[in-house]
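Quick one, fold the following:
(chains A, B, C and D)
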2 protein chains.
Amino acid sequence: MKIHDSPLARKLGAFVALSDTDLGVLSDLFVRRRRFAPQMEIVFEGQTDQSAFVVASGWVCSYKLLATGGRQIVDFQIPGDFLGLRSVLFRTSDHNIEPVTKVEASEITVSDLIKAFRDSPRLATAMLWAASRDEAMVVEHLVGLGRRDAVQRMAHFLLELYARLRLVGLADRKGYSCPLTQYMLADTLGLSAVHVNRVLRQLRDDGLCTFQKGRVVFDDYDGLVKLAGFDRAYLDHEGPLLA
Amino acid sequence: MKIHDSPLARKLGAFVALSDTDLGVLSDLFVRRRRFAPQMEIVFEGQTDQSAFVVASGWVCSYKLLATGGRQIVDFQIPGDFLGLRSVLFRTSDHNIEPVTKVEASEITVSDLIKAFRDSPRLATAMLWAASRDEAMVVEHLVGLGRRDAVQRMAHFLLELYARLRLVGLADRKGYSCPLTQYMLADTLGLSAVHVNRVLRQLRDDGLCTFQKGRVVFDDYDGLVKLAGFDRAYLDHEGPLLA
DNA sequence: GATCAATGCTGATCTGGATCAGTCTAAATG
DNA sequence: CATTTAGACTGATCCAGATCAGCATTGATC
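Residues are numbered from 1 along each chain as shown, chains lettered A, B, ... in the order given. Next up, the predicted model:
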């Protein structure tokens, strides 16, 4: 796959118009490709040559475990998203990262990243923008857990995923395919798996959206947006914000 | 107040041992001091000369409002914390920032900050560490909203505040003074104000912790830590991590 | 010093979502 | 091909926390 068609280039290109030079710098970033199987924990701790990754294909999730046995999924990473970038720059990351599906990811070293930032300011801008969007999504997630009911939470989550996937060309007009189980949705939305099932049925019965057999289809996109109180602005846009 | 005694210097010094030179660079950062009255929204939007602040005294909160009228407080900023740093570096910030009490804050321009990073790598490291801790706290907040019950949430929140305040010298062995109303606690913890009141009473009756008349006192610190499932590691430490 | 707005506090009632205890199906495994 | 196992799905019951409807106290404002 040419760099122009990579999920990361598509995503960054949506924020900032990138020249061939910028794309060249971007493509030089990727050292080597690695594969991860589902549930095979991606652990950075203790590694001396810590490095970050960009997801090329597959889905990843980051979560925290509680002493009481519960699990809270903080975020998912889809193609074009960075993996463990923060864990490298800083030393935090007491949270776990594990693949949801088979995952291919390109390794990036911090020094290469810094070099790329120097060589292509536009690339740097685009990446900061992307990071800022990720940040905003975590906050939005927090707001949902605190102040939205189960149905709104689910609706918002499915819409957000849609916007993200469309940005990297992994969704069509009608919807997208989604490898998440109802248990994962539960641990994401702070619900029980049982209730997730009921919420999905309700959305289906109300003719808003159908999530079955690994595929999410929007039956009434506008209705769903309204129900979720979804802010289209921060994810919906066509053409680069910075030309 | 000398820079050595400022909350920010105390906080950063807890992460990285700073020389007098580092502290000098730090003190040069502050352009001018500004005051904000409670509920007088601190808005950065539309300003051409956007700048960030460091809180010198007082408490600030950042929150999001929902279409349905609800409010979710994302985080509080206490002395030594950055204000609107992200809103300046990127252009996000659809969330609101407003003082809880009277606030004094020192202005910082982005260019000065970048200069300081160049002049003092140790300072840069300390600031990234601090930023990383803030990041971790938001994630911890998210986890709490998703997977902890009301009492654990409250206990965790009060303990986290304690650790933060102690770091900047605003808490003593027994507890700290806290200007937050029960309504604010409710909007932070995703609860109703009524339930916040009951949870506080329960903590008091159980001999764990007393929050009355603007003061939080720990009656059984270890018991509270255990109840909250509080991870002392990421906030509790004495002496710089990086000497 | 009367009034009013915030804030703390309380009992009674209601409900969204958890929990328990399953069934059903399809895909993986021996 | 029989048997696990993971995941989707369901009904019955329970409970944590919301909501409603107040009262009490304090401090600010006229």
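
unless I'm mixing things up, A:D119 is touching A:V25, no?
Yes. Judged on Cβ atoms under 8 Å, A:D119 makes contact with A:V25 at a distance of 5.0 Å. For glycine as for every other residue, the C-beta is placed from the backbone atoms N, C-alpha and C.

Tell me which of the two has more neighbours.
The neighbour comparison of A:D119 against A:V25 (other Cβ atoms under 10 Å in any protein chain shown) goes to A:V25, with 22 against 14.

Give me the spatial nearest neighbour of that one, chain neighbours excluded.
Leaving out its chain neighbours, the residue that sits closest to A:V25 by Cβ to Cβ, 6 or more residues apart in numbering or on different chains is A:S120, at 4.4 Å.

can you check A:I3 too?
A:S27 (3.9 Å).

same thing with A:V138?
A:V138 sits nearest to A:D75 (Cβ to Cβ, 6+ apart), 6.2 Å away.

ditto for A:M154
Closest to A:M154 by Cβ to Cβ, 6+ apart is A:V199, at 4.9 Å.

And A:P38, by the same measure?
Nearest to A:P38 is A:P99, by Cβ to Cβ, 6+ apart, at 5.2 Å.

measure the one you found to A:R215 for me?
20 Å (Cβ to Cβ, to the nearest Å).

and those two? which has more neighbours close in?
When A:P99 and A:R215 are compared for neighbours, A:P99 comes out ahead with 23 against 12, by other Cβ under 10 Å.

Name the next helix or strand downstream of the host helix or strand of the residue nearest to A:M154, please.
In this assignment (DSSP states H and E), A:V199 forms part of helix A:193-205. Using DSSP H and E, the helix or strand that follows helix A:193-205 in sequence is strand A:209-212.

Check which helices and strands whichever helix or strand comes after that following strand sits against.
The first helix or strand that comes after strand A:209-212 along the chain, using DSSP H and E, is strand A:215-218. Packed against strand A:215-218 by the contact rule (3 or more Cβ pairs under 8 Å, 6 or more residues apart in numbering or on different chains; DSSP states H and E) you find helix A:150-167, strand A:175-177, strand A:209-212.

quick one, which of these is packed in tightest?
Of all these, helix A:150-167 carries the top mean neighbour count, a mean of 21, counting by mean count of other Cβ atoms under 10 Å in any protein chain shown.

now that helix: mean pLDDT?
The average pLDDT within helix A:150-167 is 96.

how about it, does it get close to DNA strand D?
No. For helix A:150-167, no contact with DNA strand D is found by Cβ under 7 Å from any atom of the strand; the gap never falls below 12.2 Å.

Show me what that helix packs onto, helices and strands only.
By 3+ Cβ pairs under 8 Å, 6+ apart, helix A:150-167 packs against helix A:7-15, helix A:121-147, strand A:175-177, helix A:182-189, helix A:193-205, strand A:209-212, strand A:215-218, helix A:221-228.

let's go with 7 Å and repeat that
helix A:7-15, helix A:121-147, helix A:182-189, helix A:193-205, helix A:221-228 (3 or more Cβ pairs under 7 Å, 6 or more residues apart in numbering or on different chains; DSSP states H and E).

Which residues does the fourth one contact?
Spelled out, it's helix A:193-205. Identification of contacts with helix A:193-205 by Cβ atoms under 7 Å, 6 or more residues apart in numbering or on different chains yields A:150-151, A:154-155, A:182-183, A:185-186, A:189, A:209-211.

rerun that using 10 Å as the cut-off
With contacts defined as Cβ atoms under 10 Å, 6 or more residues apart in numbering or on different chains, helix A:193-205 is touched by A:149-155, A:158, A:181-189, A:191-192, A:208-212, A:216-220, A:223-224, A:227.

Convert the C-alpha atoms of that helix to CSV, please.
The C-alpha trace of helix A:193-205 is given here as CSV (Å, rounded to 0.1, in the frame of the first residue of the first chain):
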residue,chain,number,x,y,z
ALA,A,193,-23.3,-7.0,29.2
VAL,A,194,-26.9,-7.9,29.8
HIS,A,195,-28.0,-4.3,29.6
VAL,A,196,-25.8,-3.6,26.5
ASN,A,197,-27.9,-6.3,24.8
ARG,A,198,-31.1,-4.6,25.8
VAL,A,199,-29.9,-1.2,24.7
LEU,A,200,-28.9,-2.5,21.3
ARG,A,201,-32.3,-4.1,20.9
GLN,A,202,-34.0,-0.9,21.9
LEU,A,203,-32.0,1.1,19.3
ARG,A,204,-33.0,-1.6,16.7
ASP,A,205,-36.6,-1.6,17.7
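
Perfect, that will be all.
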